[in-house]
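Asker: model the structure of this input:
(2 chains)
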Amino acid sequence: AQSVTQLDSQVPVFEEAPVELRCNYSSSVSVYLFWYVQYPNQGLQLLLKYLSGSTLVKGINGFEAEFNKSQTSFHLRKPSVHISDTAEYFCAVSVGGGKLIFGQGTELSVKP
Amino acid sequence: GAVVSQHPSRVICKSGTSVKIECRSLDFQATTMFWYRQFPKQSLMLMATSNEGSKATYEQGVEKDKFLINHASLTLSTLTVTSAHPEDSSFYICSARQGARSNQPQHFGDGTRLSIL
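Answerer: Purely as a prediction, here's the structure:
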């Protein structure tokens, strides 16, 4: 069965510093991978997705992620974070029927 | 594009009340809609998958008589929490997917915070 593990529940970082949010998945078949962001009391907004092709995908708000098949990882990165990036980030894998399996979430806290 | 509207955003009601939550895709037709439940500081748990014109598929452990789902059109799905009790208090989020392919992303509504007194 597919699963998603986000290795860090909380990531504190100072403004303008780089950040990496880690995500590992387990699957025996080809996967589609997504990163979503959730601001307080809101739904989820799609940051980026990996379907096929280039392993480096760029998303909105300056985020990017790299698909690494050998390490079964899909880590999210941003070279310089802003206060407004403070939010909960979820990694997800699409399984049969298009259902999403979410990781536990990583709370990114950007401090001035 | 790909906007999903969820209404209401917040509901506070007495125990025993039934509550209906609407999920609309505003600028696309959604073949499939999903309903999630999210507890504080936790991830999203899929409750059911709703396909237009057919019965919803519920995840294991979700009571289909408790959480009634209707997907009568390609732009509207509703979740009715019947005879709600305090343990049903939660954040409910819907999502919609355009098309049937599993590589198409889901677009999420802003959620409904349900509080049962």
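
Asker: any weak-confidence spans in chain A?
Answerer: Residue ranges of chain A with pLDDT under 70: A:28.

Asker: next to chain B, which bits of it? Give me the list.
Answerer: With Cβ under 8 Å from any Cβ of the partner chain as the criterion, chain A meets chain B at residues A:32, A:34, A:36, A:41-46, A:49, A:51, A:90, A:94-100, A:102-105. From N, CA and C alone the C-beta is placed, and that goes for glycine too.

Asker: who does the most centrally placed residue in chain B form a beta bridge with?
Answerer: Among the residues of chain B, the one closest to the centroid is residue B:35, at 3.4 Å (Cα atoms, centre = their mean). Under the criterion DSSP bridges, residue B:35 forms beta bridges with residue B:48, residue B:94.

Asker: OK, contacts around it?
Answerer: B:23, B:46-48, B:50, B:67, B:69, B:77, B:79, B:92-94 (Cβ atoms under 8 Å, 6 or more residues apart in numbering or on different chains).

Asker: show me the residues of chain A next to chain B that map onto helices.
Answerer: Among these, no member is found in helices (DSSP state H).

Asker: give me the pLDDT for the residue nearest to the centre of chain B.
Answerer: The model reports residue B:35 with a pLDDT of 96.

Asker: state the distance from it to chain A.
Answerer: 12 Å (Cβ to the nearest Cβ, to the nearest Å).

Asker: ok, residue 51 - contacts?
Answerer: All of this is about chain A. Residue A:51 neighbours (Cβ under 8 Å, 6+ apart): A:32, B:103.

Asker: wait, I meant chain B there
Answerer: Contacts of residue B:51 (Cβ under 8 Å, 6+ apart): B:31-32, B:57, B:71.

Asker: kindly report the same for residue A:14.
Answerer: A:110-112.

Asker: what pairs with it across the strands?
Answerer: Here residue A:14, judged by DSSP bridges, has bridge partners residue A:111.

Asker: and the contacts of residue B:35, which of them are buried?
Answerer: Buried subset of the contacts of residue B:35 (neighbour count, 16 or more other Cβ atoms under 10 Å in any protein chain shown): B:23, B:46-48, B:50, B:67, B:69, B:77, B:79, B:92-94.

Asker: neighbour-wise, which of the contacts of residue A:14 leads?
Answerer: residue A:110 (19 neighbours; other Cβ atoms under 10 Å in any protein chain shown).

Asker: ok, back up a step: out of the residues of chain A next to chain B, which sit inside strands?
Answerer: A:32, A:34, A:36, A:44-46, A:49, A:90, A:94, A:100, A:102 (DSSP state E).

Asker: could I get those as CSV with neighbour count?
Answerer: Rendered in CSV, the data for those read as follows (neighbours: other Cβ atoms under 10 Å in any protein chain shown):
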residue, neighbour count
A:32, 20
A:34, 27
A:36, 26
A:44, 28
A:45, 16
A:46, 17
A:49, 19
A:90, 24
A:94, 24
A:100, 23
A:102, 21
